[in-house]
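Visitor: sequence first, predicted coordinates after that:
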Amino acid sequence: MESLHIQQTKTSPEVILDSSKGDAEIIGESYPENAMAFYKPVFEWLKAMQSDGKRIRLKFQMDYFNTSSSKVIMDILDNLQKFHEKGGKVEVEWLYKEDDEDMQETGAEFSSDLSIPFQMKSYK
């Protein structure tokens, strides 16, 4: 699987998928018209990385996302949970602005449903 970089737009986040390191980053705001279609390359990348048995580290640094994006993010995390349960190495990092209680709470809610390593970090 090749690496992929999707530029941020007004309604969609920046997505960086680095196959050589197993790193994925989703940064910004997410409210595209069709969230599932937008995130399809992420699912394809995850599938390829998992079939190669590679470690996956996913970093979210979101400022806002709508309900449909939230569902897709949970689907991504569920996908990683299944990979983890099969012995795959997974790490999730959830970054939120230190004054953004909503994103902090959302990250905590997502992590409570998972057993994968899930770090929450605030930034200024």
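Guide: Noted; the coordinates are in hand.

Visitor: surely residue 25 forms part of a strand?
Guide: Yes. Residue 25 sits within a strand when classified using DSSP: H, G, I helix; E, B strand; the rest coil.

Visitor: from memory it sits against residue 13, does it?
Guide: No. In this structure, residue 25 is not within contact of residue 13 by C-beta atoms under 8 Å, at 9.0 Å. C-betas here are computed from N, CA, C, even on glycine.

Visitor: neighbour count winner among the two?
Guide: Using other C-beta atoms under 10 Å, the more surrounded residue of residue 25 and residue 13 is residue 13, with 26 against 18.

Visitor: show me what contacts that one?
Guide: Counting by C-beta atoms under 8 Å, 6 or more residues apart in numbering, residue 13 touches 26, 27, 28, 29, 30, 62, 65.

Visitor: quick one, strands of this structure?
Guide: For the chain, the strands defined by DSSP state E cover 4-6, 14-18, 23-30, 56-65, 90-97, 118-123.

Visitor: the fifth one pairs with which strands, and in what direction?
Guide: Spelled out, it's strand 90-97. Here strand 90-97 is paired, per DSSP bridges, with strand 56-65 (parallel), strand 118-123 (parallel).

Visitor: deepest-packed of those, please.
Guide: When those are scored by mean count of other C-beta atoms under 10 Å, the highest mean neighbour count falls to strand 56-65 (a mean of 19).

Visitor: rounded mean pLDDT for that strand, please.
Guide: Strand 56-65 carries an average pLDDT of 98.
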